[in-house]
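Q: I would like to see how this sequence folds:
(one chain, ligands or ions: 1)
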Amino acid sequence: MAELASSPILSPQESFREFRDNGLRLDGSPTGLENVHDYEPGGHHPLHLGDVLNGRYKVLHKLGNGGYANIWLCRDVQREVAHYFAVKILMADASIDDCHELRVYRLLRLGLARCDAAEHLCLPIGRFDIQGPNGQHFALVFPVLGPRVSMLPRILNLEDSARTLRSVCFQVTKTIATLHSYGTCHGDLRPANILVQVRGLTGLLEEEIERALGVPETVNITRVSGKGSWPSTAPHYLVKPIEWGSVNTRDTGINFLTDRVCLVDFGESFDVRDVPEDLGVPEEYRAPEYILDKRVGAETDIWALGCTLFEIRTGKRLFDLVDDDPDDHLERMVDILGKFPEPWWSKTWEARRRYFREERDRDRRLSYQPIRNNMAATAKSSPRSIEEALLTASGYEQESIGTAVSPAEARTFGDLLRRIFKYAPEQRVAAEDLLDHGWFTM
Ligand SMILES: Nc1ncnc2c1ncn2[C@@H]1O[C@H](COP(=O)(O)OP(=O)(O)OP(=O)(O)O)[C@@H](O)[C@H]1O
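A: Purely as a prediction, here's the structure:
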(Lines give C-alpha, C1' and ligand atoms only; values in the text may rest on other atoms or scores of the structure.)
Protein backbone atom coordinates (compact mmCIF):
# COMPACT_ATOMS: atom_id res chain seq x y z
CA MET A 1 0.00 0.00 0.00
CA ALA A 2 2.96 2.32 0.64
CA GLU A 3 3.56 2.86 -3.05
CA LEU A 4 -0.07 3.98 -3.50
CA ALA A 5 0.26 6.70 -0.89
CA SER A 6 2.67 8.84 -2.87
CA SER A 7 0.30 11.69 -3.79
CA PRO A 8 -2.71 12.88 -1.79
CA ILE A 9 -6.11 12.13 -3.26
CA LEU A 10 -8.12 15.06 -4.54
CA SER A 11 -11.51 15.88 -3.11
CA PRO A 12 -14.49 14.38 -4.98
CA GLN A 13 -15.28 17.76 -6.54
CA GLU A 14 -11.71 18.14 -7.77
CA SER A 15 -11.12 14.59 -8.76
CA PHE A 16 -11.19 13.73 -12.40
CA ARG A 17 -10.49 10.28 -13.63
CA GLU A 18 -9.15 10.26 -17.05
CA PHE A 19 -11.28 8.28 -19.47
CA ARG A 20 -9.35 5.20 -20.53
CA ASP A 21 -10.83 2.74 -22.94
CA ASN A 22 -10.42 -0.71 -21.39
CA GLY A 23 -11.98 -2.51 -24.34
CA LEU A 24 -15.28 -3.07 -22.53
CA ARG A 25 -18.69 -1.62 -23.10
CA LEU A 26 -22.09 -1.78 -21.48
CA ASP A 27 -24.86 -3.73 -23.11
CA GLY A 28 -27.50 -1.21 -22.08
CA SER A 29 -28.09 2.24 -20.66
CA PRO A 30 -25.31 3.60 -18.42
CA THR A 31 -27.76 5.81 -16.49
CA GLY A 32 -27.18 5.60 -12.75
CA LEU A 33 -24.22 3.24 -13.10
CA GLU A 34 -20.53 3.63 -12.42
CA ASN A 35 -18.25 4.03 -15.41
CA VAL A 36 -17.36 0.70 -16.98
CA HIS A 37 -13.93 2.15 -17.83
CA ASP A 38 -13.21 2.51 -14.13
CA TYR A 39 -12.78 -1.27 -13.92
CA GLU A 40 -9.06 -1.31 -14.48
CA PRO A 41 -5.98 -1.27 -12.22
CA GLY A 42 -6.41 1.59 -9.74
CA GLY A 43 -10.18 1.68 -10.24
CA HIS A 44 -13.17 -0.17 -8.79
CA HIS A 45 -13.01 -3.62 -7.26
CA PRO A 46 -14.91 -6.01 -9.57
CA LEU A 47 -17.56 -8.00 -7.77
CA HIS A 48 -20.77 -9.92 -8.41
CA LEU A 49 -23.96 -10.41 -6.45
CA GLY A 50 -23.53 -13.23 -3.94
CA ASP A 51 -19.79 -12.57 -3.43
CA VAL A 52 -18.73 -12.61 0.21
CA LEU A 53 -16.35 -9.85 1.25
CA ASN A 54 -13.84 -10.37 4.04
CA GLY A 55 -15.47 -13.74 4.76
CA ARG A 56 -18.40 -11.85 6.24
CA TYR A 57 -20.36 -9.47 3.98
CA LYS A 58 -22.48 -11.12 1.32
CA VAL A 59 -23.29 -8.72 -1.51
CA LEU A 60 -27.04 -8.57 -2.14
CA HIS A 61 -27.73 -5.32 -3.95
CA LYS A 62 -26.23 -1.96 -4.91
CA LEU A 63 -27.04 1.09 -2.78
CA GLY A 64 -25.29 3.69 -4.85
CA ASN A 65 -22.15 4.88 -6.52
CA GLY A 66 -20.18 8.07 -6.16
CA GLY A 67 -17.18 9.66 -7.80
CA TYR A 68 -14.72 7.13 -6.46
CA ALA A 69 -16.64 4.40 -4.63
CA ASN A 70 -19.46 1.91 -4.92
CA ILE A 71 -21.78 1.22 -2.00
CA TRP A 72 -23.23 -2.29 -1.64
CA LEU A 73 -26.03 -3.70 0.47
CA CYS A 74 -24.57 -6.69 2.30
CA ARG A 75 -25.69 -9.26 4.84
CA ASP A 76 -23.34 -10.12 7.66
CA VAL A 77 -23.20 -13.92 7.28
CA GLN A 78 -21.41 -14.32 10.62
CA ARG A 79 -24.51 -13.31 12.54
CA GLU A 80 -27.32 -15.73 13.15
CA VAL A 81 -30.02 -13.08 13.05
CA ALA A 82 -29.75 -11.35 9.69
CA HIS A 83 -28.09 -7.93 9.89
CA TYR A 84 -27.63 -5.71 6.87
CA PHE A 85 -24.92 -3.15 6.22
CA ALA A 86 -23.78 -0.69 3.58
CA VAL A 87 -20.24 -1.51 2.48
CA LYS A 88 -18.47 1.31 0.68
CA ILE A 89 -15.57 0.11 -1.46
CA LEU A 90 -13.19 2.81 -2.63
CA MET A 91 -11.34 2.69 -5.91
CA ALA A 92 -7.79 1.43 -5.41
CA ASP A 93 -6.26 4.79 -6.37
CA ALA A 94 -8.44 6.47 -3.74
CA SER A 95 -7.50 3.97 -1.02
CA ILE A 96 -4.56 5.87 0.39
CA ASP A 97 -3.78 6.68 3.99
CA ASP A 98 -4.54 10.40 3.75
CA CYS A 99 -7.66 10.03 1.62
CA HIS A 100 -10.68 12.22 2.36
CA GLU A 101 -12.91 9.27 3.19
CA LEU A 102 -10.92 8.47 6.33
CA ARG A 103 -11.48 11.95 7.78
CA VAL A 104 -14.66 10.51 9.25
CA TYR A 105 -12.51 8.74 11.84
CA ARG A 106 -11.68 12.12 13.38
CA LEU A 107 -15.38 12.37 14.30
CA LEU A 108 -15.14 9.01 16.04
CA ARG A 109 -12.02 10.09 17.92
CA LEU A 110 -13.87 13.22 19.07
CA GLY A 111 -16.56 11.00 20.59
CA LEU A 112 -19.34 12.00 18.19
CA ALA A 113 -20.63 8.41 18.07
CA ARG A 114 -21.87 8.94 21.63
CA CYS A 115 -23.37 12.42 21.23
CA ASP A 116 -27.10 13.24 21.19
CA ALA A 117 -27.12 13.72 17.44
CA ALA A 118 -25.29 10.44 16.69
CA GLU A 119 -28.34 8.87 15.02
CA HIS A 120 -28.06 11.66 12.40
CA LEU A 121 -24.39 10.99 11.59
CA CYS A 122 -23.48 8.15 9.26
CA LEU A 123 -20.34 6.90 11.00
CA PRO A 124 -18.40 3.75 10.08
CA ILE A 125 -19.04 0.59 12.07
CA GLY A 126 -16.11 -1.32 10.66
CA ARG A 127 -13.37 -1.34 8.09
CA PHE A 128 -11.35 -3.88 6.13
CA ASP A 129 -9.14 -3.97 3.07
CA ILE A 130 -9.73 -5.91 -0.14
CA GLN A 131 -6.84 -7.07 -2.26
CA GLY A 132 -8.14 -7.57 -5.80
CA PRO A 133 -7.06 -7.52 -9.44
CA ASN A 134 -7.27 -3.72 -9.51
CA GLY A 135 -5.23 -3.17 -6.35
CA GLN A 136 -5.87 -2.70 -2.68
CA HIS A 137 -9.21 -1.14 -1.72
CA PHE A 138 -10.45 0.35 1.53
CA ALA A 139 -13.89 -0.98 2.47
CA LEU A 140 -15.90 0.86 5.11
CA VAL A 141 -18.98 -0.61 6.77
CA PHE A 142 -21.86 1.77 7.48
CA PRO A 143 -25.49 1.47 8.57
CA VAL A 144 -27.88 1.06 5.64
CA LEU A 145 -29.61 4.29 4.68
CA GLY A 146 -32.28 5.10 2.13
CA PRO A 147 -32.68 7.67 -0.65
CA ARG A 148 -31.68 11.30 -0.64
CA VAL A 149 -33.79 13.64 1.47
CA SER A 150 -35.18 15.30 -1.68
CA MET A 151 -37.24 12.15 -2.30
CA LEU A 152 -39.02 12.33 1.05
CA PRO A 153 -42.31 14.00 0.00
CA ARG A 154 -42.73 11.53 -2.84
CA ILE A 155 -41.90 8.34 -0.98
CA LEU A 156 -43.68 9.08 2.26
CA ASN A 157 -46.71 10.57 0.51
CA LEU A 158 -47.78 12.39 3.63
CA GLU A 159 -50.74 14.70 3.85
CA ASP A 160 -48.71 17.32 5.66
CA SER A 161 -45.30 17.04 4.03
CA ALA A 162 -44.47 20.59 5.07
CA ARG A 163 -44.45 19.64 8.73
CA THR A 164 -42.21 16.63 8.07
CA LEU A 165 -39.83 18.71 5.98
CA ARG A 166 -39.57 21.30 8.77
CA SER A 167 -38.84 18.51 11.23
CA VAL A 168 -36.13 17.18 8.90
CA CYS A 169 -34.66 20.70 8.70
CA PHE A 170 -34.57 20.77 12.50
CA GLN A 171 -32.72 17.44 12.59
CA VAL A 172 -30.13 18.80 10.15
CA THR A 173 -29.70 22.09 12.04
CA LYS A 174 -29.36 20.28 15.36
CA THR A 175 -26.76 17.94 13.90
CA ILE A 176 -24.73 20.82 12.49
CA ALA A 177 -24.99 22.60 15.87
CA THR A 178 -23.62 19.45 17.52
CA LEU A 179 -20.78 19.09 15.01
CA HIS A 180 -19.84 22.73 15.55
CA SER A 181 -19.95 22.31 19.32
CA TYR A 182 -17.26 19.65 18.83
CA GLY A 183 -15.19 22.10 16.77
CA THR A 184 -15.94 20.26 13.54
CA CYS A 185 -17.48 21.49 10.30
CA HIS A 186 -19.12 19.22 7.75
CA GLY A 187 -17.54 21.09 4.86
CA ASP A 188 -19.84 19.64 2.19
CA LEU A 189 -23.31 20.20 3.55
CA ARG A 190 -26.03 19.91 0.90
CA PRO A 191 -29.17 17.81 0.38
CA ALA A 192 -27.27 15.21 -1.67
CA ASN A 193 -25.35 14.37 1.51
CA ILE A 194 -28.48 13.85 3.59
CA LEU A 195 -30.08 10.42 3.35
CA VAL A 196 -33.32 9.08 4.80
CA GLN A 197 -32.99 6.59 7.67
CA VAL A 198 -34.22 3.05 7.09
CA ARG A 199 -35.76 0.70 9.64
CA GLY A 200 -37.00 -2.86 9.82
CA LEU A 201 -34.33 -4.71 7.82
CA THR A 202 -32.77 -6.60 10.73
CA GLY A 203 -34.02 -10.17 10.99
CA LEU A 204 -35.55 -10.29 7.51
CA LEU A 205 -34.61 -13.20 5.27
CA GLU A 206 -32.64 -12.48 2.12
CA GLU A 207 -35.71 -13.43 0.05
CA GLU A 208 -37.81 -10.93 1.98
CA ILE A 209 -35.21 -8.25 1.40
CA GLU A 210 -35.27 -9.06 -2.30
CA ARG A 211 -39.07 -8.92 -2.47
CA ALA A 212 -39.11 -5.63 -0.57
CA LEU A 213 -36.23 -3.80 -2.20
CA GLY A 214 -36.55 -5.37 -5.63
CA VAL A 215 -34.56 -7.99 -7.52
CA PRO A 216 -31.28 -6.33 -8.52
CA GLU A 217 -31.34 -5.20 -12.12
CA THR A 218 -28.08 -5.83 -13.95
CA VAL A 219 -26.58 -4.55 -17.19
CA ASN A 220 -24.15 -6.88 -18.92
CA ILE A 221 -20.66 -5.86 -19.94
CA THR A 222 -19.27 -7.07 -23.24
CA ARG A 223 -15.92 -6.85 -24.97
CA VAL A 224 -15.78 -4.40 -27.84
CA SER A 225 -13.69 -6.84 -29.87
CA GLY A 226 -16.00 -9.73 -28.96
CA LYS A 227 -13.08 -12.11 -28.46
CA GLY A 228 -10.31 -13.02 -26.00
CA SER A 229 -10.51 -14.12 -22.40
CA TRP A 230 -12.46 -12.10 -19.86
CA PRO A 231 -10.25 -9.58 -17.98
CA SER A 232 -10.04 -10.27 -14.24
CA THR A 233 -10.23 -6.49 -13.68
CA ALA A 234 -13.93 -6.24 -14.60
CA PRO A 235 -17.17 -7.87 -13.46
CA HIS A 236 -19.51 -9.46 -16.02
CA TYR A 237 -22.25 -6.96 -15.24
CA LEU A 238 -22.98 -3.73 -13.39
CA VAL A 239 -25.83 -3.50 -10.88
CA LYS A 240 -28.41 -0.71 -10.84
CA PRO A 241 -28.90 0.88 -7.42
CA ILE A 242 -32.05 0.21 -5.39
CA GLU A 243 -35.04 2.26 -6.51
CA TRP A 244 -36.36 3.50 -3.22
CA GLY A 245 -39.44 4.97 -4.89
CA SER A 246 -40.67 1.47 -5.78
CA VAL A 247 -39.97 -0.34 -2.52
CA ASN A 248 -42.64 -2.92 -1.74
CA THR A 249 -43.97 -2.70 1.81
CA ARG A 250 -47.00 -4.98 1.30
CA ASP A 251 -45.34 -8.38 1.83
CA THR A 252 -43.56 -7.55 5.06
CA GLY A 253 -45.98 -4.89 6.30
CA ILE A 254 -42.92 -2.80 7.12
CA ASN A 255 -42.59 0.78 6.02
CA PHE A 256 -38.82 0.79 5.62
CA LEU A 257 -38.43 4.51 5.10
CA THR A 258 -38.70 6.88 8.03
CA ASP A 259 -38.98 10.62 8.43
CA ARG A 260 -35.57 10.74 10.12
CA VAL A 261 -32.43 11.69 8.24
CA CYS A 262 -28.71 11.12 8.47
CA LEU A 263 -25.76 13.20 7.27
CA VAL A 264 -23.26 11.30 5.14
CA ASP A 265 -19.88 11.99 3.58
CA PHE A 266 -17.46 13.62 6.00
CA GLY A 267 -14.71 13.60 3.40
CA GLU A 268 -14.57 17.40 3.41
CA SER A 269 -14.99 17.85 7.16
CA PHE A 270 -12.46 19.99 9.00
CA ASP A 271 -11.45 21.30 12.39
CA VAL A 272 -12.49 24.96 12.95
CA ARG A 273 -9.00 25.66 14.33
CA ASP A 274 -7.33 24.27 11.25
CA VAL A 275 -9.43 25.31 8.27
CA PRO A 276 -8.59 24.15 4.74
CA GLU A 277 -7.68 26.60 2.01
CA ASP A 278 -10.29 25.17 -0.32
CA LEU A 279 -13.89 24.31 0.33
CA GLY A 280 -15.18 20.99 -0.99
CA VAL A 281 -18.81 22.01 -1.31
CA PRO A 282 -20.14 22.70 -4.86
CA GLU A 283 -20.55 26.28 -6.06
CA GLU A 284 -24.28 26.63 -5.27
CA TYR A 285 -23.65 26.14 -1.55
CA ARG A 286 -20.56 28.35 -1.24
CA ALA A 287 -20.62 31.44 0.93
CA PRO A 288 -19.68 34.84 -0.54
CA GLU A 289 -16.63 35.26 1.74
CA TYR A 290 -15.22 32.04 0.30
CA ILE A 291 -15.87 33.06 -3.30
CA LEU A 292 -14.51 36.58 -2.81
CA ASP A 293 -11.94 36.27 -0.01
CA LYS A 294 -11.22 32.53 0.16
CA ARG A 295 -12.30 32.59 3.81
CA VAL A 296 -13.42 29.27 5.28
CA GLY A 297 -14.89 28.59 8.72
CA ALA A 298 -17.93 27.42 10.64
CA GLU A 299 -19.78 30.32 8.98
CA THR A 300 -19.31 28.78 5.53
CA ASP A 301 -21.04 25.67 6.91
CA ILE A 302 -23.89 27.89 8.16
CA TRP A 303 -24.32 29.45 4.72
CA ALA A 304 -24.50 25.95 3.21
CA LEU A 305 -27.01 25.07 5.93
CA GLY A 306 -29.23 27.96 4.80
CA CYS A 307 -29.10 26.78 1.17
CA THR A 308 -29.81 23.22 2.34
CA LEU A 309 -32.81 24.15 4.51
CA PHE A 310 -34.30 26.19 1.64
CA GLU A 311 -33.84 23.27 -0.74
CA ILE A 312 -35.21 20.61 1.61
CA ARG A 313 -38.30 22.67 2.35
CA THR A 314 -39.04 23.79 -1.22
CA GLY A 315 -37.45 21.07 -3.36
CA LYS A 316 -35.64 23.81 -5.29
CA ARG A 317 -32.16 25.31 -5.05
CA LEU A 318 -31.99 28.86 -3.76
CA PHE A 319 -29.10 29.66 -6.10
CA ASP A 320 -29.80 27.47 -9.08
CA LEU A 321 -26.91 27.95 -11.50
CA VAL A 322 -26.83 26.94 -15.14
CA ASP A 323 -23.12 26.24 -14.85
CA ASP A 324 -20.83 26.67 -11.88
CA ASP A 325 -19.86 30.24 -12.68
CA PRO A 326 -19.04 32.10 -9.42
CA ASP A 327 -19.94 35.47 -11.00
CA ASP A 328 -23.42 34.25 -11.94
CA HIS A 329 -23.70 32.95 -8.39
CA LEU A 330 -22.74 36.32 -6.90
CA GLU A 331 -25.27 38.01 -9.20
CA ARG A 332 -28.02 35.73 -7.86
CA MET A 333 -27.00 36.57 -4.30
CA VAL A 334 -27.30 40.30 -4.99
CA ASP A 335 -30.66 39.78 -6.73
CA ILE A 336 -32.12 38.02 -3.70
CA LEU A 337 -30.15 39.39 -0.75
CA GLY A 338 -29.13 42.87 -1.92
CA LYS A 339 -25.92 44.77 -2.57
CA PHE A 340 -22.63 43.48 -1.14
CA PRO A 341 -20.78 45.53 1.47
CA GLU A 342 -17.49 47.23 0.63
CA PRO A 343 -14.82 46.40 -0.44
CA TRP A 344 -16.56 43.44 -2.12
CA TRP A 345 -18.90 45.63 -4.18
CA SER A 346 -16.41 48.10 -5.62
CA LYS A 347 -13.10 46.27 -5.45
CA THR A 348 -13.10 42.56 -4.67
CA TRP A 349 -15.78 41.42 -7.09
CA GLU A 350 -13.96 42.35 -10.24
CA ALA A 351 -16.74 41.33 -12.62
CA ARG A 352 -19.40 43.30 -10.74
CA ARG A 353 -19.58 46.05 -13.38
CA ARG A 354 -20.59 43.48 -15.95
CA TYR A 355 -23.58 42.54 -13.80
CA PHE A 356 -24.69 45.74 -12.03
CA ARG A 357 -24.39 49.39 -12.95
CA GLU A 358 -24.55 52.19 -10.38
CA GLU A 359 -26.69 55.26 -10.95
CA ARG A 360 -27.49 58.38 -8.98
CA ASP A 361 -31.14 59.27 -8.62
CA ARG A 362 -32.51 62.84 -8.56
CA ASP A 363 -31.53 63.15 -4.88
CA ARG A 364 -27.99 62.08 -5.78
CA ARG A 365 -28.51 58.80 -3.93
CA LEU A 366 -26.56 55.89 -5.35
CA SER A 367 -28.60 52.94 -6.50
CA TYR A 368 -27.69 49.92 -8.60
CA GLN A 369 -29.37 48.35 -11.59
CA PRO A 370 -28.87 44.88 -12.97
CA ILE A 371 -27.39 44.64 -16.44
CA ARG A 372 -29.09 41.71 -18.08
CA ASN A 373 -27.17 40.41 -21.03
CA ASN A 374 -26.56 36.75 -21.73
CA MET A 375 -28.63 35.64 -18.77
CA ALA A 376 -31.59 37.90 -19.57
CA ALA A 377 -34.29 35.26 -19.64
CA THR A 378 -33.38 33.57 -16.36
CA ALA A 379 -32.55 36.80 -14.63
CA LYS A 380 -35.96 38.28 -15.33
CA SER A 381 -37.57 35.56 -13.27
CA SER A 382 -35.00 35.81 -10.48
CA PRO A 383 -36.72 36.52 -7.15
CA ARG A 384 -35.95 39.80 -5.39
CA SER A 385 -36.14 38.63 -1.76
CA ILE A 386 -35.97 35.46 0.30
CA GLU A 387 -39.74 35.55 0.81
CA GLU A 388 -40.33 35.84 -2.93
CA ALA A 389 -37.92 32.96 -3.52
CA LEU A 390 -39.85 30.85 -1.00
CA LEU A 391 -43.24 31.68 -2.48
CA THR A 392 -42.22 31.09 -6.08
CA ALA A 393 -40.13 27.93 -5.56
CA SER A 394 -41.96 24.75 -6.38
CA GLY A 395 -39.41 22.04 -6.84
CA TYR A 396 -41.38 19.03 -5.70
CA GLU A 397 -43.32 17.23 -8.38
CA GLN A 398 -46.57 16.93 -6.52
CA GLU A 399 -47.54 20.20 -4.93
CA SER A 400 -50.83 18.50 -4.08
CA ILE A 401 -49.16 16.57 -1.27
CA GLY A 402 -48.77 19.69 0.78
CA THR A 403 -45.34 21.09 0.09
CA ALA A 404 -46.30 24.63 -1.00
CA VAL A 405 -45.03 27.47 1.22
CA SER A 406 -47.83 29.74 2.48
CA PRO A 407 -47.27 33.52 2.87
CA ALA A 408 -47.30 33.10 6.67
CA GLU A 409 -44.66 30.39 6.51
CA ALA A 410 -42.59 32.42 4.03
CA ARG A 411 -42.47 35.26 6.59
CA THR A 412 -41.35 33.01 9.45
CA PHE A 413 -38.94 30.91 7.40
CA GLY A 414 -37.71 34.12 5.73
CA ASP A 415 -36.82 35.47 9.17
CA LEU A 416 -34.77 32.37 9.94
CA LEU A 417 -32.99 32.45 6.59
CA ARG A 418 -32.19 36.16 6.86
CA ARG A 419 -30.30 35.42 10.08
CA ILE A 420 -28.25 32.92 8.13
CA PHE A 421 -27.70 34.84 4.91
CA LYS A 422 -25.74 37.72 6.43
CA TYR A 423 -22.92 38.71 4.13
CA ALA A 424 -20.56 39.42 7.03
CA PRO A 425 -19.61 35.96 8.40
CA GLU A 426 -19.25 37.34 11.95
CA GLN A 427 -22.89 38.48 11.88
CA ARG A 428 -24.17 35.11 10.73
CA VAL A 429 -26.21 33.20 13.29
CA ALA A 430 -24.76 30.06 14.90
CA ALA A 431 -26.66 26.79 14.30
CA GLU A 432 -27.20 26.46 18.05
CA ASP A 433 -29.04 29.81 18.14
CA LEU A 434 -31.48 28.71 15.46
CA LEU A 435 -32.82 25.73 17.34
CA ASP A 436 -35.59 27.56 19.19
CA HIS A 437 -36.79 29.40 16.06
CA GLY A 438 -40.57 29.28 15.70
CA TRP A 439 -40.41 28.07 12.08
CA PHE A 440 -39.38 24.57 13.15
CA THR A 441 -42.55 24.13 15.21
CA MET A 442 -45.05 25.94 12.94
N1 LIG B 1 -24.84 4.22 4.16
C2 LIG B 1 -25.49 4.26 3.01
N3 LIG B 1 -26.65 3.61 2.86
C4 LIG B 1 -27.31 3.64 1.68
N5 LIG B 1 -26.89 4.28 0.60
C6 LIG B 1 -25.75 4.95 0.68
C7 LIG B 1 -24.98 4.97 1.89
N8 LIG B 1 -23.89 5.74 1.66
C9 LIG B 1 -23.97 6.16 0.39
N10 LIG B 1 -25.09 5.69 -0.21
C11 LIG B 1 -25.53 5.93 -1.60
O12 LIG B 1 -24.40 5.94 -2.44
C13 LIG B 1 -24.29 7.19 -3.12
C14 LIG B 1 -22.84 7.57 -3.24
O15 LIG B 1 -22.26 7.59 -1.95
P16 LIG B 1 -21.14 8.62 -1.54
O17 LIG B 1 -21.62 10.01 -1.86
O18 LIG B 1 -20.76 8.34 -0.14
O19 LIG B 1 -20.00 8.15 -2.53
P20 LIG B 1 -18.75 9.00 -2.97
O21 LIG B 1 -17.91 8.19 -3.91
O22 LIG B 1 -18.08 9.49 -1.71
O23 LIG B 1 -19.49 10.11 -3.76
P24 LIG B 1 -19.09 11.59 -4.10
O25 LIG B 1 -18.31 11.49 -5.36
O26 LIG B 1 -20.44 12.23 -4.29
O27 LIG B 1 -18.36 12.10 -2.88
C28 LIG B 1 -25.09 8.17 -2.25
O29 LIG B 1 -25.61 9.22 -3.01
C30 LIG B 1 -26.20 7.26 -1.74
O31 LIG B 1 -27.21 7.16 -2.70
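Q: relative to L110, how far out is V141?
A: Separation of V141 from L110 (C-beta to C-beta, to the nearest Å) stands at 20 Å. For the C-beta atoms, the positions are set from N, CA and C on the backbone; glycine is no exception.
Q: between those two, which one's more packed in?
A: Legend: neighbour count by other C-beta atoms under 10 Å for V141 and L110, higher for V141 (19 against 15).
Q: wait, a strand at the more buried one?
A: Yes: residue state for V141 (DSSP: H, G, I helix; E, B strand; the rest coil) corresponds to a strand.
Q: output the set of residues of the stretch 251-400 of the chain in proximity to the ligand.
A: Taking C-beta under 6 Å from any ligand atom as the contact definition, the stretch 251-400 of the chain meets the ligand at 264-265.
Q: strands of the stretch 251-400 of the chain, start to end?
A: Assigned by DSSP state E, counting those that start in this stretch, the strands in the stretch 251-400 of the chain fall at 257-263, 270-271, 356-360, 366-370.
Q: so which of those is the most surrounded?
A: Highest mean neighbour count of the strands of the stretch 251-400 of the chain: strand 257-263, a mean of 20 (counted as mean count of other C-beta atoms under 10 Å).
Q: now stretch 131-147: buried residues?
A: Of the residues in stretch 131-147, 132, 134-135, 137-147 count as buried by neighbour count, 16 or more other C-beta atoms under 10 Å.
Q: where does the prediction get shaky in this protein?
A: Applying pLDDT under 70 to the chain flags residues 1-19, 373-381, 397-401.
Q: ok, which stretches of it are helices?
A: Using DSSP state H, the helices assigned to the chain run over residues 104-109, 152-156, 161-181, 206-213, 288-293, 298-314, 326-337, 352-355, 376-380, 386-392, 407-420.
Q: who touches the fifth one?
A: Helix 288-293 is contacted from outside by 279, 295-296, 299-300, 303, 326, 329-330, 333, 340, 344, 348-349, 423, 425, using C-beta atoms under 8 Å, 6 or more residues apart in numbering.
Q: distance of the residue nearest to P30 when sequence neighbours are not counted relative to G67?
A: Using C-beta to C-beta, 6 or more residues apart in numbering and skipping the chain neighbours, the partner closest in space to P30 is V36 (7.4 Å). From V36 across to G67, the span is 15 Å (C-beta to C-beta).
Q: the more surrounded of these two?
A: V36 (22 against 17).
Q: now do the contacts for the nearest residue to V198 once chain neighbours are set aside.
A: Leaving out its chain neighbours, the residue that sits closest to V198 by C-beta to C-beta, 6+ apart is G146, at 4.6 Å. Taking C-beta under 8 Å, 6+ apart as the criterion, G146 is in contact with 155, 195-198, 244, 256-258.
Q: which of the residues you listed lies closest to R353?
A: Comparing those against R353 with C-beta to C-beta places L195 closest, at 42.7 Å.
Q: what's the burial count for that closest one?
A: Residues within reach of L195, counting by other C-beta under 10 Å, total 24.
Q: could you check how far it is from L145?
A: Plainly put, L195 is 4 Å away from L145 if you go by C-beta to C-beta.
Q: who touches both of the two?
A: By C-beta under 8 Å, 6+ apart, L195 and L145 have these common neighbours: 122, 262, 264.
Q: can you put these in CSV and add distance to T202?
A: Listed next are the shared contacts of L195 and L145 as CSV, based on distance: C-beta to C-beta, whole Å:
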residue, distance to T202
C122, 17
C262, 16
V264, 20
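Q: so which of the contacts of helix 288-293 wins on neighbours?
A: When those are compared by neighbour count (other C-beta under 10 Å), L279 ends up highest, at 27 neighbours.
Q: is that residue in contact with R295, as I believe?
A: No: between L279 and R295 there is no contact under C-beta atoms under 8 Å: 9.5 Å.
Q: picking that back up, tell me which of the helices of the chain sits nearest to G55.
A: Nearest of the helices of the chain to G55, taken as C-beta to C-beta: helix 206-213 at 17.5 Å.
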